[in-house]
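A.B. asks: Generate a structure from the sequence data that follows.
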Amino acid sequence: MPPPPIAPDGPGQVPYGYPGGHGYPPGPSAAGYYGWPGVQAMPSNGLGTAGLVLGIISAVIFCLWPVAIILGVLALIFGTIGRGKARRGEATNAGQALAGVICGAAGVVLGLVMLAFLIATS
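C.D. replies: Modelled structure (predicted):
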């Protein structure tokens with residue numbers, strides 16, 4: 001079956017309510033960027049996720065107490081910043097950031113307990 005014929009002045013009129021026509025978004029919006037108006041920016045979940053990953057690693061490798069303490073402190077910092085971003089609405093992973101803070105604190109405590117155990121036994 002052949003496609004329907006097209007008029008000499010184009011495929012037809014743009015339906016009412018479609019700005020700019022032809023399915024393309026309008027030009028620059030009032031915010032000064034191109035794209036669909038009203039689209040939110042993507043959440044920045046990197047710090048909360050990094051806090052969770054570092055917290056888990058620090059809690060798991062507490063036998064390597066210097067590394068566990070450093071990673072735990074970094075997890076506390078990243079998790080706290082991630083929680084602040086989630087509170088402001090810039091991120092969507094407040095739970096991951098909180099888990100990073102908790103795991104980071106556990107890693108620091110376990111690392112310090114391991115250090116105390118090594119000092120007490122030597």
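A.B. asks: So what touches stretch 114-122?
C.D. replies: Identification of contacts with stretch 114-122 by C-beta atoms under 8 Å, 6 or more residues apart in numbering yields Phe62, Cys63, Trp65, Ala68, Ile69. For the C-beta atoms, the positions are set from N, CA and C on the backbone; glycine is no exception.
A.B. asks: Which parts of it count as buried, going by neighbours?
C.D. replies: Along stretch 114-122, these residues count as buried under the neighbour rule (16 or more other C-beta atoms under 10 Å): Met114.
A.B. asks: Likewise for stretch 89-108?
C.D. replies: Neighbour-count burial for stretch 89-108 flags 91, 93-94, 96-108 (criterion: 16+ other C-beta under 10 Å).
A.B. asks: hmm, who's touching it?
C.D. replies: Stretch 89-108 is contacted by residues 43-45, 47-59, 62, 68-69, 71-76, 78-80, 82-83, 85-87 when judged by C-beta under 8 Å, 6+ apart.
A.B. asks: among those residues, which ones are buried?
C.D. replies: In the contacts of stretch 89-108, burial by neighbour count holds for 45, 47-59, 62, 68-69, 71-76, 78-80, 82-83, 85-86, counting by 16+ other C-beta under 10 Å.
A.B. asks: Just the pLDDT at Gly111, thanks.
C.D. replies: On pLDDT, Gly111 comes in at 96.
A.B. asks: what number of residues lie near it?
C.D. replies: Counted with other C-beta atoms under 10 Å, residues neighbouring Gly111 total 25.
A.B. asks: ditto for Met42
C.D. replies: The number of residues packed near Met42 is 7, by other C-beta under 10 Å.
A.B. asks: Excluding sequence neighbours, find me the nearest residue to the residue positioned nearest the centre of the chain.
C.D. replies: Nearest to the mean C-alpha position of the chain, by C-alpha atoms, centre = their mean, lies Asn45 at 1.2 Å. Counting by C-beta to C-beta, 6 or more residues apart in numbering, Asn45 lies nearest to Asn93, which is 4.5 Å off, once chain neighbours are set aside.
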